[in-house]
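Chemist: My questions concern the predicted model and sequence given below.
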Amino acid sequence: MIVDVHSHMADSTLHLSAEFKADLDASWKDHTIHAPPEVHRQAAAAVDAIIVFPLNAPYSGIVVPNEYVADYVRGAGENVIGFASVDANDPEAPDQLEHAVKQLGLRGLKIGPIYQGYDPLSDEAFAMFAKAEALGTPVMWHHGTTFVRKAPLRFAQPWQVDEVAIRFPALKIIVAHMGHPGVGETVAVVRKQPNVFADISGLYPRPWQYYNALMTAVEYGAAHKLLFGTDFPLFSAADTMAGLRNANALVEGTALPRVPEDVIEGIIHRESLALLGLD
Ligand SMILES: [Zn+2]
């Protein structure tokens, strides 16, 4: 079974500010984040199950409503699992999460503190994490770099995930993109926190960093906690799988170690829904 744990929905004509679009174009000229239902169906058809989320980040100029994803998920097969997104700056965030889970049928929480402009170790964020832990909803936490100019990178550090995991030990957390560029720190956190995982989405286009990220996970004995994800619509499942199977290309003919084949296939076939309590 192949599970894509990281895909987005957004209608770029409705949900994005002009500033956000300009920043996106500057970094990812040939890529789109336009993924209305008819586009997202392609991603869902490419795998056995898929997690899809909105993003509620007025700070960065992207607001995709939870209802937009919930409506799509309701009409899709049961292999399409929707997450909610709430903004911890809003005092209603914990209640909005509960509403999204209990009324809209969404099953996890997508956050991006750098996009939303809050400190993940603040009281407001902890109130949101407490609600997520109580509801049993896993958290997909955007980590690492971004094209958004005003997004504060200090709000995406793997050590912050460790602190949240210490405070909320039952909360399942996925560190998106292995926390790039902090892939080593992410592996250190994932290794020691039983309920923290990392996804490999969006990393294959940077082969040197990707190879090192995978080898770091192997050397620390944490590769079994890496989950398959695409970051659709930026990248597809086919390209992500090909990129993973090609991770050793740059060390061919050298004395550098290879990422073991069973590690690569293990990521592609990870039983992520069971690990996240979503099966
Ligand atoms: Zn993403």
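Modeler: Everything's here; your move.
Chemist: got the contact list for the residue nearest the centre of the chain?
Modeler: Closest residue to the average C-alpha location of the chain: A176 at 3.8 Å, with CA atoms, centre = their mean. Neighbour list for A176: 6, 140-144, 198-199, 201-202, 229, 231 [criterion: CB atoms under 8 Å, 6 or more residues apart in numbering]. Where C-beta positions appear, they are placed from N, C-alpha and C, glycine not excepted.
Chemist: of those residues, closest to S17?
Modeler: H142 (17.7 Å; CB to CB).
Chemist: quick one, what contacts that closest one?
Modeler: H142 touches 110-115, 156, 176-177, counting by CB under 8 Å, 6+ apart.
Chemist: That one and D262, how far apart?
Modeler: 29 Å (CB to CB, to the nearest Å).
Chemist: can you give me the helices for the protein?
Modeler: Counting by DSSP state H, one finds helices in the chain at the ranges 18-27, 37-45, 66-75, 93-102, 113-116, 123-135, 158-167, 183-192, 207-219, 237-245, 261-268, 272-275.
Chemist: got JSON lines for the ones you listed, with mean pLDDT too?
Modeler: Listed next are the helices of the chain as JSON lines, based on pLDDT from 0 to 100:
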{"stretch": "helix 18-27", "mean pLDDT": "83"}
{"stretch": "helix 37-45", "mean pLDDT": "96"}
{"stretch": "helix 66-75", "mean pLDDT": "97"}
{"stretch": "helix 93-102", "mean pLDDT": "98"}
{"stretch": "helix 113-116", "mean pLDDT": "96"}
{"stretch": "helix 123-135", "mean pLDDT": "98"}
{"stretch": "helix 158-167", "mean pLDDT": "98"}
{"stretch": "helix 183-192", "mean pLDDT": "98"}
{"stretch": "helix 207-219", "mean pLDDT": "98"}
{"stretch": "helix 237-245", "mean pLDDT": "98"}
{"stretch": "helix 261-268", "mean pLDDT": "98"}
{"stretch": "helix 272-275", "mean pLDDT": "98"}
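Chemist: Nearest to E252, out of the ones you listed?
Modeler: helix 207-219 (11.4 Å).
Chemist: okay, stretch 197-205 in PDB with CA atoms only?
Modeler: Output in PDB follows, covering the C-alpha atoms of stretch 197-205 (Å, rounded to 0.1, in the frame of the first residue of the first chain):
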ATOM      1  CA  PHE A 197       7.700  11.100  12.300                       C
ATOM      2  CA  ALA A 198       9.100  12.900   9.200                       C
ATOM      3  CA  ASP A 199       8.000  12.900   5.600                       C
ATOM      4  CA  ILE A 200      10.300  13.000   2.600                       C
ATOM      5  CA  SER A 201       8.100  15.200   0.500                       C
ATOM      6  CA  GLY A 202       9.700  17.900  -1.700                       C
ATOM      7  CA  LEU A 203      13.300  16.800  -1.100                       C
ATOM      8  CA  TYR A 204      14.300  14.800  -4.200                       C
ATOM      9  CA  PRO A 205      15.000  17.900  -6.400                       C
END
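Chemist: Which positions within that stretch qualify as buried?
Modeler: Using 16 or more other CB atoms under 10 Å as the test for burial, stretch 197-205 gives 197-204.
Chemist: Could you identify the least confident member of the contacts of A176?
Modeler: pLDDT across these is lowest for G144, at 86.
Chemist: Quick check: it touching G182?
Modeler: Yes - using CB atoms under 8 Å, G144 is in contact with G182, at 6.8 Å.
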